[in-house]
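*Asks:* based on what follows, work out the 3D shape:
(one chain, ligands or ions: 1)
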Amino acid sequence: MKKTPRVKGERTKEAEEQKHNKQFVDYYKYMGIVDEEEWDKFYACLKVPLDICFRINTIDKDRETTRKHLFSMIADLAADEETRMMIPAEVMWYPERETVFCFNELSRVELRKNPKLKAFHQFLVRETETGRTFRQEKVSMIPVTLLDVQTDHSVLDMCAAPGSKTIQILEALHANGEKMNMGFCVANDVDAKRAYLLTHQARRLDLPSLFITNNDARFLPNLKSGFDRQNVKFDRVLCDVPCSGDGTLRKNLGLWKNFNAHMGHTNHPLQVDILSRGIEVLATGGRLVYSTCSFNPIENEAVVQAILEKFKGKISLVDVSKEVSPHLRYRPGFTSWKVYHRGKGKKEAPAWHMAWESVPEWKRSVLRKTMFHDTYTYNNN
Ligand SMILES: C[S@@+](CC[C@H](N)C(=O)[O-])C[C@H]1O[C@@H](n2cnc3c(N)ncnc32)[C@H](O)[C@@H]1O
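*Replies:* Predicted coordinates for the structure are as follows:
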């Protein structure tokens, strides 16, 4: 049968109307990722389109000109009755002052279509094309701010594409304004097409300190250095792993339809293996940051716990609370959680498990021991 052609904009409208996923609600309510009284506010927040956010390139020689230009454009918007409430505000928690700005409650469509915002939109497009500004979500900037990259560091970005965090790393490596420093970054991604996107991003910075590789991060080959061909160990490792991405519902509308409560389970073993390789190539005294864009403890705390257990005595968790700006609102990670299984057909009902021991044999190919809190035994199967 011939399909009825879609009317322009219909798909977006449909997606807007479908911003609900029962499995998501049931899963995360029972998991208790926010307090019961916070749930409605939390869920409503996920339905609001993502704020538009951008960062001024801090190592660009023209950054002061860009900043001045930006402030004069903001002043123009502020002077107009109609656009006064639409001006981008500085993101106060970002370590470098006056570099990150965010429009609150202004959609991409509005920025593009509102004639009064046209000049600002054109400014953003132009500055982004030339690499004087970068578009990046606020939360996506957090991991690198905690990596504490210095100009002489060797840095590994294990899952780097499309490269917004790699750019931040490069900015930190050249924070002293020098083009040639001792530090360098190896940015890796398993997906060749996405790795190519990364080269496109990085080209705008034109820096000699970046190496792009295309490997499965779980089996990242050792880099050799010096006459004695020693394995290179990295001072800093960023492990921004593939994940269910359910923390990106505000921009990935397809997830409202596609989320299912086993997504985290599928990612967990891969995440454990990538993080494990990251630890193996980390230098003594080095720092690794692990990040996902998922709410799921199975993809977050459980993975970290598995690795703390595997490398017991060799690594420790760093308390970064003193390194974070008081403007950044966050909460501590979970110390306990439950593990869900959807059951099988009509015979086996869905169930939540508190301990690995209560998991029947037939579920154990999906529910790994490392998914459970306090199991503290690394399972390599
Ligand atoms: C969350 S995204 C990374 C985003 C990136 N760090 C950024 O800030 O732009 C995860 C990336 O991991 C890559 N990936 C998936 N499996 C991988 C693997 N086994 N080894 C290396 N990269 C992998 C994906 O291709 C994807 O680009």
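*Asks:* contacts only, for D26.
*Replies:* Taking Cβ atoms under 8 Å, 6 or more residues apart in numbering, we find D26 in contact with A261. All C-beta spots, glycine's among them, are computed from the backbone N, C-alpha and C.
*Asks:* could you look up the SS state of it?
*Replies:* helix (DSSP: H, G, I helix; E, B strand; the rest coil).
*Asks:* same question, E81
*Replies:* E81 ends up coil, using three-state DSSP.
*Asks:* repeat that for F101.
*Replies:* strand.
*Asks:* can you offset everything so residue one is 54?
*Replies:* New numbering, starting at 54: the last item is F154.
*Asks:* and the gap between it and the ligand?
*Replies:* 19 Å (Cβ to the nearest ligand atom, to the nearest Å).
*Asks:* could you do S193 as well?
*Replies:* Taking Cβ to the nearest ligand atom, one finds S193 at 6 Å from the ligand.
*Asks:* quick check: that residue touching I220?
*Replies:* No. When contacts are counted by Cβ atoms under 8 Å, S193 is not listed as touching I220 (10.9 Å).
*Asks:* Q71: neighbour count?
*Replies:* Residues near Q71, counting by other Cβ atoms under 10 Å, number 12.
*Asks:* mind listing what the residue nearest to C155 when sequence neighbours are not counted touches?
*Replies:* Leaving aside its chain neighbours, C155 sits nearest to C106 (4.3 Å; criterion: Cβ to Cβ, 6 or more residues apart in numbering). Neighbour list for C106: V144, V153, F154, C155, F156, R188, Q189, E190, K191 [criterion: Cβ under 8 Å, 6+ apart].
*Asks:* 7 Å instead?
*Replies:* Residues near C106 by Cβ atoms under 7 Å, 6 or more residues apart in numbering: V153, C155, Q189, E190, K191.
*Asks:* also G230?
*Replies:* G230 touches I112, counting by Cβ under 7 Å, 6+ apart.
*Asks:* am I right that L328 sits in a helix?
*Replies:* Yes. Residue state for L328 (three-state DSSP) corresponds to a helix.
*Asks:* pretty sure it sits against S344.
*Replies:* No. L328 lies out of contact with S344 (Cβ atoms under 7 Å); the separation is 10.5 Å.
*Asks:* so those two - more neighbours on which side?
*Replies:* The neighbour comparison of L328 against S344 (other Cβ under 10 Å) goes to L328, with 24 against 20.
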